[in-house]
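Student: turn this into a structure:
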Amino acid sequence: MEKLMKELKDLSTVMKYLDPALKAYIDSNDPRLYFCFRWLLVQFKREFSFDDVMRLWEILWTGKPCKNFHLLFAYAILETEKNTLIENRFSSTEILRHINDLAMTIDLDKTLCLAEGIHQQLMGADELPTSIQKIIGLAPDVADGVRASLSSMDLKSGQYTPDRRTPSPSPNRYASSETSSPDIYSV
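Tutor: The predicted structure follows:
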């Protein structure tokens, strides 16, 4: 439950950075984003057909294009529903009902493309807050430092070798000379 609450908080942080107006409206109704609880709890299982959810899960499990891509995916859904939520002045109960009514109506391909676009927007930001960097896996955390230290130890001899380091992830894992972004969503 603690992890789920952290993910809701991280989604809130992402929303605040990307769309302060949407975040302000949501905060006036449901600041804890409980209407997103089901999405994160079952990883969108109830939102898509079996084939689509299997495809989505395969994508999410790759960890690409970034750590916590499921949060960008959740934000992408909210972004597509922003006008409906705000123009209709939905209360927290109405937001919950509307979000639940989206089940089996969300266009997976469109939402994946939007989420990847959001990722590219974050990657292209001139100054990305540390909190966002941590959420999408760009900022090293304490655990990464421990992993890097352990990976510098030669397990056979037990000797620490400081010149052997774990490479840091590149900001754009898809950069290549041929294409700027492969289609990672086709199975």
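
Student: which residues does stretch 92-111 contact?
Tutor: When contacts are defined by CB atoms under 8 Å, 6 or more residues apart in numbering, stretch 92-111 is touched by residues 26, 29-30, 34-36, 38, 46-49, 52, 55-56, 73, 76-77, 80-81, 84-85, 88, 90, 185. Placement of C-beta: from N, CA and C, glycine included.

Student: which ones are touching F90?
Tutor: Under the criterion of CB under 8 Å, 6+ apart, the neighbours of F90 are N29, T84, H98.

Student: at 7 Å instead, please
Tutor: Contacts of F90 were listed using CB atoms under 7 Å, 6 or more residues apart in numbering, and they are H98.

Student: what separates it from N29, distance-wise?
Tutor: Shown here: F90 relative to N29, a distance of 7 Å by CB to CB, to the nearest Å.

Student: cool, and I118?
Tutor: Applying CB to CB, the value for I118 to N29 is 22 Å.

Student: the more surrounded of those two?
Tutor: The neighbour comparison of I118 against N29 (other CB atoms under 10 Å) goes to I118, with 21 against 16.

Student: element containing the more buried one?
Tutor: Secondary structure assigned from DSSP states H and E places I118 in helix 108-123.

Student: mind checking how far that helix is from the chain centre?
Tutor: Relative to the centre of its chain, helix 108-123 is centred 10 Å away, using CA atoms, centre = their mean, to the nearest Å.

Student: where does pLDDT dip in the chain?
Tutor: Under the criterion of pLDDT under 70, the regions of the chain flagged as low confidence span 140-187.
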